[in-house]
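Colleague: Can you look at this prediction? I've put the sequence above it.
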Amino acid sequence: MTAIFLTVGLASSAVEAGVIQINGTIAGIESGAPFPNPAEGVYVNGSVMSTDTALGPFTLFYSLPAVFTFAFTPPGNPGGSRLVVGDAANGDSILACFLGVNSGLCDNGDLRHVDPWTIIGGTGRYAGAKGSFTTDQCSNLDTGETTGTIRGTIVVR
């Protein structure tokens, strides 16, 4: 399973509240690099941005190996992320993993993926963070553009 980090550098008072609700829209870009045998799968890298959640402006970076054999088989392809909110220079981070789940097609014909994410810890003011969120995205395989929603809860110390 790919282990990558979800980093959050947040300068808002939401951190002191203990619970941060995430509910907003996301938009960004994805790219893929084929496996050594392209018929087997592709490595997906993406980044999406949002400005309309309680976190404030953020960028979510993610990576996963999309193995074609398992594209429609639960639980999905494992991946991880790094979510940067505000100024990333402060070093606060949240660790998360997710399952990339192909959910068919969007109304416009783009690939739909509804991905559950689990927050498994953090550093700095996010040490011991828990929680989860879900992204529901439509990704255009020709242009790499992706849009969707993000919903969930981050629980800090």
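Modeller: Now that the structure is in, tell me what you want to look at.

Colleague: hey, let's count contacts and neighbours off CA atoms from now on
Modeller: Fine.

Colleague: Let me see the ranges of the strands in the protein.
Modeller: 5-6, 19-34, 41-50, 58-67, 77-85, 93-100, 102-105, 111-123, 130-139, 145-155 (DSSP state E).

Colleague: These into JSON lines, with extra columns for mean pLDDT?
Modeller: What follows is these, written out as JSON lines (pLDDT from 0 to 100):
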{"stretch": "strand 5-6", "mean pLDDT": "34"}
{"stretch": "strand 19-34", "mean pLDDT": "94"}
{"stretch": "strand 41-50", "mean pLDDT": "93"}
{"stretch": "strand 58-67", "mean pLDDT": "87"}
{"stretch": "strand 77-85", "mean pLDDT": "77"}
{"stretch": "strand 93-100", "mean pLDDT": "82"}
{"stretch": "strand 102-105", "mean pLDDT": "87"}
{"stretch": "strand 111-123", "mean pLDDT": "88"}
{"stretch": "strand 130-139", "mean pLDDT": "95"}
{"stretch": "strand 145-155", "mean pLDDT": "95"}
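
Colleague: Out of those, which is the most enclosed?
Modeller: Comparing those by mean neighbour count (mean count of other CA atoms under 10 Å), strand 93-100 ranks first with a mean of 25.

Colleague: can I get the CA coordinates of that strand in PDB?
Modeller: In PDB, the C-alpha atoms belonging to strand 93-100 read as follows (Å, rounded to 0.1, in the frame of the first residue of the first chain):
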ATOM      1  CA  SER A  93       0.900  17.900   9.100                       C
ATOM      2  CA  ILE A  94      -1.900  15.300   9.100                       C
ATOM      3  CA  LEU A  95      -1.300  11.800   7.800                       C
ATOM      4  CA  ALA A  96      -3.900  10.000   5.800                       C
ATOM      5  CA  CYS A  97      -4.500   7.200   3.400                       C
ATOM      6  CA  PHE A  98      -7.400   6.400   1.000                       C
ATOM      7  CA  LEU A  99      -8.900   3.900  -1.400                       C
ATOM      8  CA  GLY A 100      -9.300   5.000  -5.000                       C
END
